[in-house]
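J.: Let me see the structure of the following:
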Amino acid sequence: MNNEIATDAAAAARHARFGKLPERIRFEDMTTEAEVDPGSGGAAYNPENSWKFYSCVALDLGL
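T.: Predicted structure coming up:
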């Protein structure tokens with residue numbers, strides 16, 4: 001009998017805390033748009049400089 005009372009109290013506490021889902025967020029609110037200059041090539045891929053950004057855990061640890 002006492003186990004049921006504790007379960008009901010725990011269930012009531014869970015329902016008070018998590019009983020309602022948060023409001024739904026629209027897809028339009030999750031994305032942003034930014035203007036980009038057509039001539040800006042700052043983020044372009046350069047295969048000759050790609051070795052500078054190589055990351056390996058084994059090399060970082062000196063293994």
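J.: burial count for Glu28?
T.: 7 (other Cβ atoms under 10 Å). Every C-beta, even on glycine, is put in place using the N, C-alpha and C of the backbone.
J.: Please disregard the earlier target; I meant Ala58.
T.: Neighbours of Ala58 using other Cβ under 10 Å come to 7.
J.: Pop out the phi and psi values for it.
T.: With angles defined as degrees, to the nearest 10, Ala58 sits at phi -60, psi -40.
J.: How about the contacts made by it?
T.: Contact analysis of Ala58 by Cβ atoms under 8 Å, 6 or more residues apart in numbering lists nothing.
J.: Could you check how far it is from Ala9?
T.: 53 Å (Cβ to Cβ, to the nearest Å).
J.: Tell me which stretches of this protein form helices.
T.: Ranges of helices in the chain, per DSSP state H, are 2-18, 27-30, 57-61.
J.: now the shortest one: mean pLDDT?
T.: Over the span of helix 27-30, the pLDDT mean works out to 88.
J.: And for the last one?
T.: The predicted model gives helix 57-61 an average pLDDT of 73.
J.: For Ala34, see how far away Ile25 is.
T.: Applying Cβ to Cβ to Ile25 and Ala34 gives a distance of 20 Å.
J.: between these two, which one's more packed in?
T.: Just comparing Ile25 and Ala34: by other Cβ under 10 Å the higher neighbour count belongs to Ile25, 8 against 4.
J.: Name the spans of this protein whose pLDDT lies under the cut-off.
T.: 1-6, 38-44, 50-55 (pLDDT under 70).
J.: Around Arg26, count how many other residues there are.
T.: For Arg26, using other Cβ under 10 Å, the count is 8.
J.: again with the one 3 residues further on
T.: Burial of Asp29 is recorded as 8 neighbouring residues (other Cβ under 10 Å).
J.: Pipe the helices of the chain into JSON lines and attach distance to Glu48 per row.
T.: Below are these laid out as JSON lines (distance: least, Cβ to Cβ, whole Å):
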{"stretch": "helix 2-18", "distance to Glu48": "54"}
{"stretch": "helix 27-30", "distance to Glu48": "37"}
{"stretch": "helix 57-61", "distance to Glu48": "20"}
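J.: Go through those helices and pick out the most buried.
T.: Stretch with highest mean neighbour count among those: helix 2-18 (a mean of 9; mean count of other Cβ atoms under 10 Å).
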